[in-house]
Structures are given as structure tokens and as C-alpha cells.
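Student: any chance you could fold what I've pasted below:
(4 chains)
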Protein chains: 4
Amino acid sequence: MTGVPEAEPVTLDLLKKKMAEFAKERDWDQFHSPRNLLLALVGEVGELSEIFQWKGEVPKGLPDWKDEEKVHLGEELSDVLLYLVRLSDICGIDLGKAALRKVELNAIKYPLTLCNGTANQQNHTTTSPTTTTNNGSESG
Amino acid sequence: MTGVPEAEPVTLDLLKKKMAEFAKERDWDQFHSPRNLLLALVGEVGELSEIFQWKGEVPKGLPDWKDEEKVHLGEELSDVLLYLVRLSDICGIDLGKAALRKVELNAIKYPLTLCNGTANQQNHTTTSPTTTTNNGSESG
Amino acid sequence: MTGVPEAEPVTLDLLKKKMAEFAKERDWDQFHSPRNLLLALVGEVGELSEIFQWKGEVPKGLPDWKDEEKVHLGEELSDVLLYLVRLSDICGIDLGKAALRKVELNAIKYPLTLCNGTANQQNHTTTSPTTTTNNGSESG
Amino acid sequence: MTGVPEAEPVTLDLLKKKMAEFAKERDWDQFHSPRNLLLALVGEVGELSEIFQWKGEVPKGLPDWKDEEKVHLGEELSDVLLYLVRLSDICGIDLGKAALRKVELNAIKYPLTLCNGTANQQNHTTTSPTTTTNNGSESG
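Tutor: The predicted structure is shown next:
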């Protein structure tokens, strides 16, 4: 973000190690059961939502936000990420590998020729409960 | 995870690029406003929760889960991650940088000598609403 | 909603009884632990969010929604409500009583002379994590 | 809950009126768009989750919780309810009517002879993403 030399890229594995070390040093492993971490994640998603809750629609890039608001947003996004990384680790899931695989599955599910433009996105989103799973897969 | 050569580490930047490309190719940028993505993230957190909802407490490593359940779990964890990465990108937040910074902030907030063991974790978790922020910071 | 005679008002107590009976008849009490129900609630909030996720801002009254979309929305709102009622019951909380009390607390917290208009609402919403609790209290 | 005369039953309609009046008096209607309220609801669900996040499984009735913890829990459950009631109102959904209808739909979906006992509940919960919708319907 500045003219200084680029920081090294942040891997999911690095974050996983940092989280594991952090918990171990504080003797917090005992609290980090899967469902405890999941609920902590939900708590962080709640805090993330609170940032956006009274704002109405906001444009990409958040041009009108103060610096401190953006810093706060970065912190809440990070909290969600860190618990997600930790939850994956505790469940024995390789999150990076799973994410790459999911992107590939999404590419198969939404091939280029079928998914272009508005109408198709609308199709798998505004409809019945049976499209719930489809919605999830749009993430890639 | 096996004896085969390690895959290259997955960076947040790689996922960001894949998501941006995926959306662009399908003309989905128009749907990827901050609050749309946030609600999509909440939807995925809901699907993640559904996996755990009737199970009672589950042990670390999920030893009794079937392979297909773990694959499904990996997909839902990935969906949350991918929307989180995309949301950060659309908001102009460098998620990897923010996450590393948050880990450092957490280390300051919960110094080793004060946070060891059960009691302290309990302190900032079971108490009043004023500890909400503290809870969030435990993630690192 | 029509010219027909009004249905009797729906009380939280009625819903609580219906849920308890429903679970008992199906031998589902064994699954209805507090955290199981909480995660089920989160799952339903996810499904509710999915309905709104790609729509951008939508006006009050949802004038452009199809009837079937509104019916679906009513079902998801109901699922959240029913799990909330059940969770409260299982935790031994009188939800109706608690809700009335919360409205009163909110009235004290946000007195009429101080809270009118835009600026004040913004004040306790767009700021730092320390306002998290305040945000919660705006609900009444 | 005591020997004193019963309070009158709390109806969803009463809460709806109280919320509408509260917002109107404070000139907050301008903030109460459907998606603003939905995100506020998600924020409250996060606060509710935080109460349970480090506790591991907790027994029904919360026998070991302090009074102040239960009061806090009642407040967070109420916040979720109040935003849910308000969101329904703003969307033009009759929540009480919808909830009663949903209970009836659930009774049809999970008839007594098929749904008794452990196995069946497990069936529609631990399986693939296609059961997402079924899970939702178990609420009644």
C-alpha cells in the first residue's frame, strides 16, 4: 500500500501457525473446541454486520468512510478470518486446499457460457429454498 | 497431507485474484456490492452452522465423522472464506495485512503473563456486554 | 389481511407450547439442547439472509416481490422466531416478559429528547467497537 | 413465574406496535429499511452467540448460570426478537400468522409416525447440502 518493498504474501498456513502458537502459549487450547470456535466466529460476523447495519447501501471501495472506520472494518474482517482458520485447523481441514478445490467446483457449476450477466445470477438467488445450496456455491 | 510433494502454499492474495477473475468472467461484479457480499457471507455461516447444529459437542479432529461429511465441511468453510476474501477486496481492505496486524494487537491485549490458563479466558467471556469487544480480540 | 374475521392474536406463549408439544411428540427433546438450538437459529438466519443477499437495497413493504417470494420470506422469518422461542424456553427464559422489559430499558437509554433524528442514531452505530452494546439496545 | 397474578400474555402484535411507536417517536423510521434491520438482527445473533461461545455444552435450564448472566441472556434473546418483529413489520409480513402456518407445515413434513426418535432427526441433519431446506423446517 506504500512505496516500501512489498511484504511477503500472507498464507493461510502462516495464520494457522500463528493462531495455534497463540492459543498454546496462553493455555487456551482447552477452549478451542469446534463448536466453541464456531460460535465465536458467529459472534465476529455479528460485529462485522454491526459496522454496516445502519448505512444503507455503500459503494465499492467505501469512498466516504473515515480511516478509523476502515481500520475497524479490517479488524472485524480479520477476527472472522482468524476464527475461521482456527476452526478449520481444529477440525483437521486444510482450508487453503479446500478453498482452491471449491473455486474449481464453482467453475464447473457456473460455466462461462451459461452464467454471464444478470439474469442467471438472479436465477439461482431469488427463487425457492431449493436453491440454497446453489447460492452457497456462487462464492468462487 | 500425504507423502506427495507439498502443494504451494495458498495465499490470501491468490484467492482474491481467483475470486476477482471468476466474477469478472461471469459479469457478476455488478452483484458484488459490500452489503450483498456480507449477506452472502452470513448465508454461508448459516450453512456452516447447520453442519454442527444437532451434533452436541464434537471432539477436535472430528474422529467420528464420515469422509463425505468432512468434505462437505471443507466446502462450507471455503464458502465463508471466499466471500470474506471477496468482501475485503471490494471494500479495499488488505485482508492478509489486517490479519497479521490483528494478531499483533491481540498479543498486546492478552500478554502471556496475564492470560494463561482457564480463569482469564473465562473472565473476558462470561461476563457483561461490555466485554463484547474483548471477546472479539481473542481470536489471535 | 382480508375482510374475514380477525384471527386471535398470536402470543409467544402459544408458540412456546406448540414447539414443546411438537418436539415431545417426535421424541426430539433429546436434540434440543441450548447450543444445538442456537446453531439451528444461526442456520435459519443464514437462510433469511440468502433471500436478501443479491437484491441490493429493497424498499419497505417489498412492493416488487412476487407473492411466492413473500411467502418464502414469511417462512424463514418464522423459522428464526420458532427456534428463538424454543431456545428461550429451553434456557428457562420468559421471552415475552424479557422483551417487554427490554423495550422499557431502551426507552430509558434512548430518551425522546436526545435521540430524535439522524445524527444521534448515527452516533451510536458507526463508531468504534465500544458501541457494540449500544447498538444492541436500539432494538426496542 | 411467581404467585402474583399472571401478566397478560405478550402477543407479537403488541411488540410490533411498541417497536413502531418507538421508532416513530425518535424519527428512526428512516433507518429501518429491510436490509438495515436484517443486519442489525445478525448483529444481535452475534451477541447472543458470544454468551454461549466459550461454555462448551450447557444443560437445559442453565442451572449453573448466575442471575445476572440469565438477565443478560434474556436481553440478547429479546434484541433478536425485537428486530425480527420489526423486520417482519417493515416487510409487510404478519409474523404471528406466518409462524402458525409454519408449525402446521412442519407437522405435515414430519408426521408423527415417521419422525419419532433419534435416527430420523439425524437423517435430515447430518447429511448433504440438499437437506438444508429440511433442516429449516424442523423448527416447528
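Student: when you work out contacts or count neighbours from here on, use the C-alpha atoms and nothing else.
Tutor: Will do.
Student: let me see the mean pLDDT of the top helix by length along chain A.
Tutor: Among the segments of chain A that qualify as a helix by DSSP state H, the longest is helix A:67-91. In this model, helix A:67-91 has an average pLDDT of 98.
Student: ok, is stretch A:16-32 in contact with chain C or not?
Tutor: No - residues of stretch A:16-32 contacting chain C under CA under 8 Å from any CA of the partner chain: none, with a closest distance of 15.3 Å.
Student: now stretch A:42-56, how far from the centre of its chain.
Tutor: Centre-to-centre, stretch A:42-56 and its host chain are 14 Å apart (CA atoms, centre = their mean, to the nearest Å).
Student: again, but for stretch A:19-33
Tutor: Distance, centroid of stretch A:19-33 to centroid of chain: 21 Å (CA atoms, centre = their mean).
Student: what residues sit buried inside that stretch?
Tutor: Using 16 or more other CA atoms under 10 Å in any protein chain shown as the test for burial, stretch A:19-33 gives A:19-20, A:22-23, A:25-29, A:31-33.
Student: among these, which are in reach of chain D?
Tutor: A:31, A:33.
Student: so is the helix or strand just after the longest helix of chain A next to chain D?
Tutor: For helix A:67-91, the following helix or strand on the C-terminal side (DSSP states H and E) is helix A:95-109. No - Helix A:95-109 does not reach chain D (CA under 8 Å from any CA); its nearest approach is 14.2 Å.
Student: can you list the helices and strands that helix A:95-109 packs against?
Tutor: With contacts defined as 3 or more CA pairs under 8 Å, 6 or more residues apart in numbering or on different chains; DSSP states H and E, helix A:95-109 has these neighbours: helix A:12-25, helix A:67-91, helix B:12-25, helix B:67-90.
Student: let's go with 7 Å and repeat that
Tutor: Helices and strands touching helix A:95-109, by 3 or more CA pairs under 7 Å, 6 or more residues apart in numbering or on different chains; DSSP states H and E, are helix B:67-90.
Student: span of stretch A:54-74 from start to end?
Tutor: Using CA to CA, to the nearest Å, the span of stretch A:54-74 from its first residue to its last is 18 Å.
Student: what residues of it count as buried?
Tutor: Those buried within stretch A:54-74 under the rule 16+ other CA under 10 Å are A:54-58, A:61, A:69-70, A:72-74.
Student: that stretch: how far from the chain's middle?
Tutor: A distance of 17 Å separates the centroid of the chain from that of stretch A:54-74, by CA atoms, centre = their mean.
Student: over to stretch A:14-30?
Tutor: For stretch A:14-30, the distance to the chain centre is 20 Å (CA atoms, centre = their mean).
Student: repeat for stretch A:10-25
Tutor: The chain centre lies 17 Å from the centre of stretch A:10-25; the measure is CA atoms, centre = their mean.
Student: contact partners of that stretch?
Tutor: Contacting residues not belonging to stretch A:10-25 are listed as A:29, A:85-86, A:89, A:96, B:9-12, B:96, B:112, B:140 [CA atoms under 7 Å, 6 or more residues apart in numbering or on different chains].
Student: and the residue nearest in space to the middle of chain A, how far is that from residue B:88?
Tutor: In chain A, the centroid-proximal residue (CA atoms, centre = their mean) is residue A:81; its distance is 5.7 Å. For residue A:81, the distance to residue B:88 (CA to CA) stands at 11 Å.
Student: so where's chain A uncertain?
Tutor: By pLDDT under 70, the low-scoring segments of chain A are A:1-6, A:114-140.
Student: within range of chain D, give me the residues from it.
Tutor: A:31, A:36, A:39-40, A:42-47, A:49-50, A:53-54, A:56, A:129-130, A:133 (CA under 7 Å from any CA of the partner chain).
Student: so which of these belong to helices?
Tutor: A:36, A:39-40, A:42-47, A:49-50, A:133.
Student: most surrounded residue in these?
Tutor: Ranked by neighbour count (other CA atoms under 10 Å in any protein chain shown), those have residue A:44 at the top, with 32 neighbours.
Student: isn't it right next to residue A:79, touching?
Tutor: Yes - with contacts counted by CA atoms under 7 Å, residue A:44 reaches residue A:79, the gap being 6.2 Å.
Student: so what pairs up with the residue in chain A that chain B sits nearest to in the strands?
Tutor: Closest contact between chain A and chain B, by CA to the nearest CA, is at residue A:11 (4.0 Å). Following DSSP bridges, residue A:11 is listed with bridge partners residue B:11.
Student: burial count for it?
Tutor: Residue A:11 is flanked by 17 other residues according to other CA under 10 Å.
Student: ditto for residue A:84
Tutor: Here the count is done by other CA under 10 Å, and residue A:84 has 24 residues near it.
Student: can you get me a residue count around the residue nearest to it when sequence neighbours are not counted?
Tutor: Closest residue in space to residue A:84, ignoring its immediate chain neighbours: residue A:41 at 6.7 Å, by CA to CA, 6 or more residues apart in numbering or on different chains. Using other CA under 10 Å, residue A:41 has 27 neighbouring residues.
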